[in-house]
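>>> heads up, no residue letters with this:
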Ligand SMILES: C[S@@+](CC[C@H](N)C(=O)[O-])C[C@H]1O[C@@H](n2cnc3c(N)ncnc32)[C@H](O)[C@@H]1O
């Protein structure tokens with residue numbers, strides 16, 4: 001909370017939701033795209049069973065290293081693999097090394113123009129019945145304001161429209177925190 005950019009940290013109400021998803025899915029293998037303070041990684045790792053893993057992807061270790069002391073203090077450091085690189089490359093690497101269909105859950109909370117690519121790659125990486133959790137899908141209400149035409153808003157608006165029509169998934173958009181869409185892979 002003392003970090004200069006603490007406003008990017010996910011709000012507390014997203015943590016019980018993520019933890020419930022981990023338990024409902026009996027998840028053991030999770031990808032998180034966008035780690036920043038490590039708060040959501042910590043929340044999901046605490047809900048994982050022994051042997052479970054969060055693959056935590058971020059482009060910057062400046063941000064991602066903020067959470068490490070908290071992961072250690074909570075005893076979940078060995079449940080989180082921090083992978084520092086552009087998330088698109090890391091996800092492509094997972095696909096290339098045969099991990100398609102092996103993940104239970106994905107959580108997207110990174111650069112908004114990258115969301116569509118992360119969504120497509122996560123859909124391939126998830127097993128049928130796995131869930132992608134997409135954060136910020138209400139984007140502070142800007143998604144319904146036609147005057148908002150910046151790159152971030154356009155990217156989220158386009159992905160919302162695409163997911164709504166996407167027959168590869170069953171969806172539910174929740175008005176939790178800044179809008180959270182759950183997309184279950186059929
Ligand atoms: C909104 S923050 C994530 C907040 C996090 N859920 C938390 O609880 O603190 C977004 C993160 O996405 C990361 N990010 C931005 N572009 C990225 C990219 N191309 N690949 C991977 N991570 C990226 C940023 O470095 C930042 O840490």
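Yep, it's here. Being a predicted model, the structure only gives us computed values, none of them experimental.

>>> Quick one: list the elements packing against the lowest-mean-pLDDT helix or strand in the chain.
The weakest-scoring helix or strand in the chain, judged by mean pLDDT, DSSP states H and E, is helix 61-64 (a mean of 84). Using 3 or more CB pairs under 8 Å, 6 or more residues apart in numbering; DSSP states H and E, the elements in contact with helix 61-64 are strand 80-84. C-beta coordinates here come from the backbone N, C-alpha and C atoms, glycine included.

>>> Residue 177 is in contact with residue 140, correct?
No: Residue 140 is beyond contact range of residue 177, at 10.6 Å (criterion: CB atoms under 8 Å).

>>> Tell me which of the two has more neighbours.
Between residue 140 and residue 177, counted using other CB atoms under 10 Å, the more crowded position is residue 177 (16 against 11).

>>> can you map out the helices along this protein?
14-24, 39-47, 61-64, 68-73, 87-96, 115-125, 151-165 (DSSP state H).

>>> In the shortest one, which residues are buried?
To tie it back to what came earlier, the one meant is helix 61-64. 63, 64 (16 or more other CB atoms under 10 Å).

>>> now the first one
With burial defined by 16+ other CB under 10 Å, the residues of helix 14-24 counted as buried are 14, 15, 17, 18, 19, 21, 22.

>>> Widest-spaced pair of the residues you listed?
14 and 22 (12.5 Å; CB to CB).

>>> Need the residue in the protein that's farthest from the chain's center.
residue 147 (27.6 Å; CA atoms, centre = their mean).

>>> quick revisit: of the buried residues of helix 14-24, closest to residue 41?
Comparing those against residue 41 with CB to CB places residue 18 closest, at 9.7 Å.

>>> thought the closest one was touching residue 43?
Yes: counting by CB under 8 Å, residue 43 is a contact partner of residue 18 at 5.4 Å.

>>> Return the most buried member of the helices of the chain.
Neighbour counts (mean count of other CB atoms under 10 Å) averaged over each of the helices of the chain peak at helix 39-47, with a mean of 23.

>>> Can you list the helices and strands that it packs against?
Using 3+ CB pairs under 8 Å, 6+ apart: helix 39-47 touches helix 14-24, strand 29-33, strand 53-58, helix 68-73, strand 80-84, strand 103-108.

>>> want to try a markdown table for those, with mean pLDDT as columns?
A markdown table is the format used below for the helices and strands packed on helix 39-47 (pLDDT from 0 to 100):
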| stretch | mean pLDDT |
| --- | --- |
| helix 14-24 | 97 |
| strand 29-33 | 98 |
| strand 53-58 | 97 |
| helix 68-73 | 93 |
| strand 80-84 | 96 |
| strand 103-108 | 98 |
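
>>> got those as TSV, with distance to residue 134 columns?
TSV is the format used below for these (distance: least, CB to CB, whole Å):
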stretch	distance to residue 134
helix 14-24	12
strand 29-33	10
strand 53-58	15
helix 68-73	24
strand 80-84	20
strand 103-108	5
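
>>> Many thanks, have a good one.
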